[in-house]
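Visitor: Using only what follows, build the 3D model:
(chains A and B)
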Amino acid sequence: MFLDAFADALLLAFSPEVIFFVAIGIAMGITLGAIPGLSGDMAIAILLPVVFVLEPAAALGLLTGIYKGGMFGGSISAISFGVPGTPGSAATAIDGYQAKLNGTPNKALNTALYSSVIGDSTSDLVLIFLALPLAIVALTFGPVEFFALYAFSLLLISALTKGKVAKGVAMAALGILLAMIGRDPVGGSVRLTFGIPELAGGLALIPVLVGIFAVSELIIQLGRAWLERAQRITAETEKRAESLLGDYDPAKDKLTFAEFRATWKATSIGTTMGTLVGALPGAGSSLAAFISYGLAQRFSRKPDEFGKGSLEGVAAAEAGNSATSGSTLIPLFAFGIPGSATAALFGAAFILMGMTPGPRLIYDHTDVIYALFLILIYANLINLVLSHFLLPLYSKIAMIQSRILLPIVCVLAILGTFAAGNSVIDVYVLLFAGLFGVVLRLYSFPLAPLILGFIVAPGAERALRQALLIGRGEWTSLLSSPIAIGLYATAAIMIITFTFILRERK
Amino acid sequence: MKSTLTAMLSRQDFYTGLVTILVGVIGLLDIAYGNWRPGPGIGPHAFPQLAYIALVIAGLVIWIDVARGKSDERPDYLRVTLSTGVALVAIGMGMFWLAGKLGLGVSVLITLIGTSFLLTRDPLKHWQSTILVPVIASIVIWILFVWLINIPLPRGLLI
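Guide: Numbers count the residues shown, from 1 in each chain, chains lettered A, B, ... in the order given. Model prediction:
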């Protein structure tokens, strides 16, 4: 049974079509990740409506490639220009850009590449070996445990995203309310439609997700392009970087094996912390990278070099950032709960392809999920090879001004959303969700809790109502399970611990 | 007391907290007095009610933070960003309206060239990025959505 499924997965994962889409995805992810203002996550959101025209393995290969490429792409602009391409690469910029100013950008970029691939691969292996046992445990869960799990995720993601607990909780509540629009799944009555009959079917996932997550960011970037600020900053950065590298000697800027070996401890710290932090809902790659950076400095033999172009600093930050990539998918595969915005996008892709995220996902679609596991591993190798040869080109890609690409990405988002549902209403929802997302971003409300709230609300409501029906309406029945009590207690302990860590970081 | 209140009123998050609380209170009033049909178990209003209560509590905590001197800064370039958002909504709707008249390919081309001209100083001088890139992008988008995905939009001048 297992061998049959694995053989099918091998055929799927290593079909030329899937390998092609993985490579395209990686190239696309690195390109977008390298351009400040654009990101791999945005590309995943924009391409979500397109995935349903591809075979599931090819679609997942494309999204995986974009995700992994985007993770590393962010570090290219961080090192080359001191401008993090993605939030996760902010810690990489500290030492990466200093290394560039010291005349060793190639060493920093290669250190970032190798530590990124090591962190990413380890995290993927943890996902592969943990997802199945956790899914088996989750199959024994009843509504009380599942409601506790949903509450656990919502609480953690609200509390940890950007460290703004109250605003995070408000966003999770708003996401839940948006998901409540339409028919009540239990009684069938219509809720929160404000008399608009088109809303009786509820808000579709794609326009809300793409609108709030991607279009809002595009609007902000377009506003900046309108002001020509980004153009000037990039031009100034380019000029300054060129002048500083006037006597740059590429021959002296090759990463030696001894130098790579010296970063091994920092890479290990980053890999471990990134994998652990990534598995927690809401903690995110930025937090993982900064924790890894701080710990690597504490345990380094040369802590004074941190902040001055230390390759250990680059390795720790980049391994910490990339090691969240596999583990952030663990809650999605095991429990059906996305622990991050990226996992939410992958969850949406599964739903679009007719696959329900959760403990039954691996059993119901064994061949596709095993193929995804294989893709996760070999995509790192493709990333390594592509990036190794194309690093000089990628640094130039980072100079592409985002204003050239922004209108094209906007048009793709609009047409893609229409294509997904053949509905003009979806396009209106997309545009207004984008505008709403802009307001939320401007007033520093974190968006990840809203997205998670929107996605998990139907399941959480079903679990709560089932649990209370079984418990004859007694709210204390929600505490009738030791697993549920354990989850609530763990959430409380983690929130307190991470609030303390975040304060230390500030 | 008066100075504390004045300080609170001058902070950005006082108003974000106020809006959060107002949304929660209006929702709770709607559940209390609105036309909600009863359903099995705790009913269809229970989960939204929890969310509204969470909104009110979150708003109050934001206010407590404001009273303790914690508040996010006023957003930069608020007017420009919001104007861009409204413009994008108008352009998006306009593109869809135009697609019905001229076809998808032409409406996308006009939209891309128009926005590129808006975003670039001396657009004719930078014709590669304001004309050539939009033309290539329009052709690629047309092939992707009309040939490959086959979305049901009028093809207009580009059949």
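
Visitor: And whichever residue of the stretch 101-250 of chain A sits closest to chain B, how far from B:Gln49?
Guide: For the stretch 101-250 of chain A, the residue closest to chain B is A:Gly187, as judged by Cβ to the nearest Cβ, at 2.9 Å. Any C-beta I mention is one placed from the backbone N, CA and C, and that applies to glycine too. Counting by Cβ to Cβ, to the nearest Å, the gap between A:Gly187 and B:Gln49 amounts to 15 Å.

Visitor: Check which residues of stretch B:42-51 are buried.
Guide: Going by neighbour count (16 or more other Cβ atoms under 10 Å in any protein chain shown), the buried part of stretch B:42-51 is B:Ile42, B:Gly43, B:Pro44, B:His45, B:Phe47, B:Pro48, B:Gln49, B:Leu50, B:Ala51.

Visitor: Oh, that last question was meant for stretch A:173-190, not what I typed.
Guide: Applying a neighbour-count criterion of 16+ other Cβ under 10 Å, one finds A:173-182, A:184, A:186, A:190 buried in stretch A:173-190.

Visitor: Looking at the residues you listed, which are in helices?
Guide: A:Ala173, A:Leu174, A:Gly175, A:Ile176, A:Leu177, A:Leu178, A:Ala179, A:Met180 (DSSP state H).

Visitor: Break down the stretch 301-450 of chain A into its helices, ranges please.
Guide: Here the stretch 301-450 of chain A has its helices, by DSSP state H, counting those that start in this stretch, at A:311-322, A:324-327, A:330-335, A:341-352, A:361-364, A:366-397, A:402-421, A:424-442, A:448-470.

Visitor: Now do the same for the last one: mean pLDDT, whole number.
Guide: In this model, helix A:448-470 has a mean pLDDT of 86.

Visitor: So which other helices or strands are in contact with it?
Guide: For helix A:448-470, the elements it packs on are helix A:143-160, helix A:165-180, helix A:205-209, helix A:341-352, helix B:46-67, judged by 3 or more Cβ pairs under 8 Å, 6 or more residues apart in numbering or on different chains; DSSP states H and E.

Visitor: Off-centre distance for it?
Guide: Distance, stretch centre to chain centre, for helix A:448-470: 22 Å (Cα atoms, centre = their mean, to the nearest Å).

Visitor: B:Pro75: what secondary structure?
Guide: Following DSSP: H, G, I helix; E, B strand; the rest coil, the label given to B:Pro75 is coil.

Visitor: Model confidence at it, what's the number?
Guide: Confidence at B:Pro75, expressed as pLDDT, is 75.

Visitor: Would you mind finding the longest helix in chain B?
Guide: Of all the segments assigned as helix in chain B under DSSP H, the longest by residue count is helix B:78-102.

Visitor: Just name whatever secondary elements that one is in contact with.
Guide: Counting by 3+ Cβ pairs under 8 Å, 6+ apart, the packing neighbours recorded for helix B:78-102 are helix A:216-227, helix A:402-421, helix A:424-442, helix B:104-119.

Visitor: got a markdown table for those helices, with mean neighbour count and distance to B:Ser129 too?
Guide: Conversion of the helices and strands packed on helix B:78-102 to a markdown table gives the following (neighbours: other Cβ atoms under 10 Å in any protein chain shown; distance: least, Cβ to Cβ, whole Å):
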| stretch | mean neighbour count | distance to B:Ser129 |
| --- | --- | --- |
| helix A:216-227 | 23 | 12 |
| helix A:402-421 | 24 | 5 |
| helix A:424-442 | 21 | 24 |
| helix B:104-119 | 21 | 7 |
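
Visitor: could you redo the ones you listed as TSV and give each row mean pLDDT and distance to A:Trp475?
Guide: Converted to TSV, the helices and strands packed on helix B:78-102 look like this (pLDDT from 0 to 100; distance: least, Cβ to Cβ, whole Å):
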stretch	mean pLDDT	distance to A:Trp475
helix A:216-227	82	37
helix A:402-421	81	38
helix A:424-442	89	31
helix B:104-119	88	53
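
Visitor: Quick one: closest of these to B:Asp72.
Guide: When these are ranked by proximity to B:Asp72, the top entry is helix A:424-442, at 9.7 Å, counting by Cβ to Cβ.

Visitor: picking that back up, quick one: the buried residues of stretch A:173-190 as a markdown table, columns for pLDDT too.
Guide: Formatted as a markdown table, these follow (pLDDT from 0 to 100):
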| residue | pLDDT |
| --- | --- |
| A:Ala173 | 94 |
| A:Leu174 | 94 |
| A:Gly175 | 93 |
| A:Ile176 | 93 |
| A:Leu177 | 94 |
| A:Leu178 | 93 |
| A:Ala179 | 91 |
| A:Met180 | 92 |
| A:Ile181 | 91 |
| A:Gly182 | 88 |
| A:Asp184 | 84 |
| A:Val186 | 75 |
| A:Val190 | 84 |
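
Visitor: ok, so of these, who is nearest A:Ile330?
Guide: For the buried residues of stretch A:173-190, the minimum distance to A:Ile330 (Cβ to Cβ) is 21.4 Å, reached by A:Gly175.

Visitor: Please tell me I have it right and the closest one contacts A:Leu447.
Guide: No - assessed by Cβ atoms under 8 Å, A:Gly175 is found out of contact with A:Leu447, at 9.2 Å.

Visitor: quick one, what contacts the nearest residue to B:Ala137 once chain neighbours are set aside?
Guide: In space, not counting the residues next to it along the chain, B:Ala137 is nearest to A:Ile408; the distance is 4.7 Å by Cβ to Cβ, 6 or more residues apart in numbering or on different chains. For A:Ile408, the contacting residues are B:Leu112, B:Val133, B:Pro134, B:Ala137, B:Ile141, by Cβ atoms under 8 Å, 6 or more residues apart in numbering or on different chains.

Visitor: which pair in the residues you listed spans the largest distance?
Guide: B:Val133 and B:Ile141 (12.0 Å).

Visitor: next helix or strand past the helix or strand bottoming out on mean pLDDT in chain B?
Guide: When the helices and strands of chain B are scored by mean pLDDT, DSSP states H and E, helix B:2-9 comes last with a mean of 74. For helix B:2-9, the succeeding helix or strand toward the C-terminus, using DSSP states H and E, is helix B:12-33.

Visitor: For that next one, which residues meet the burial criterion?
Guide: Within helix B:12-33, the residues that qualify as buried by neighbour count (16+ other Cβ under 10 Å) are B:12-14, B:16-17, B:20-21, B:23-24, B:27-28, B:30-31.

Visitor: Would you format those as CSV with pLDDT included?
Guide: What follows is these, written out as CSV (pLDDT from 0 to 100):
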residue, pLDDT
B:Gln12, 84
B:Asp13, 87
B:Phe14, 90
B:Thr16, 91
B:Gly17, 92
B:Thr20, 95
B:Ile21, 96
B:Val23, 95
B:Gly24, 95
B:Gly27, 93
B:Leu28, 93
B:Asp30, 90
B:Ile31, 88
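
Visitor: can I get the residues you listed in JSON lines with distance to chain A?
Guide: Below are the buried residues of helix B:12-33 laid out as JSON lines (distance: Cβ to the nearest Cβ, whole Å):
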{"residue": "B:Gln12", "distance to chain A": "7"}
{"residue": "B:Asp13", "distance to chain A": "8"}
{"residue": "B:Phe14", "distance to chain A": "12"}
{"residue": "B:Thr16", "distance to chain A": "5"}
{"residue": "B:Gly17", "distance to chain A": "8"}
{"residue": "B:Thr20", "distance to chain A": "5"}
{"residue": "B:Ile21", "distance to chain A": "10"}
{"residue": "B:Val23", "distance to chain A": "8"}
{"residue": "B:Gly24", "distance to chain A": "8"}
{"residue": "B:Gly27", "distance to chain A": "7"}
{"residue": "B:Leu28", "distance to chain A": "12"}
{"residue": "B:Asp30", "distance to chain A": "9"}
{"residue": "B:Ile31", "distance to chain A": "10"}
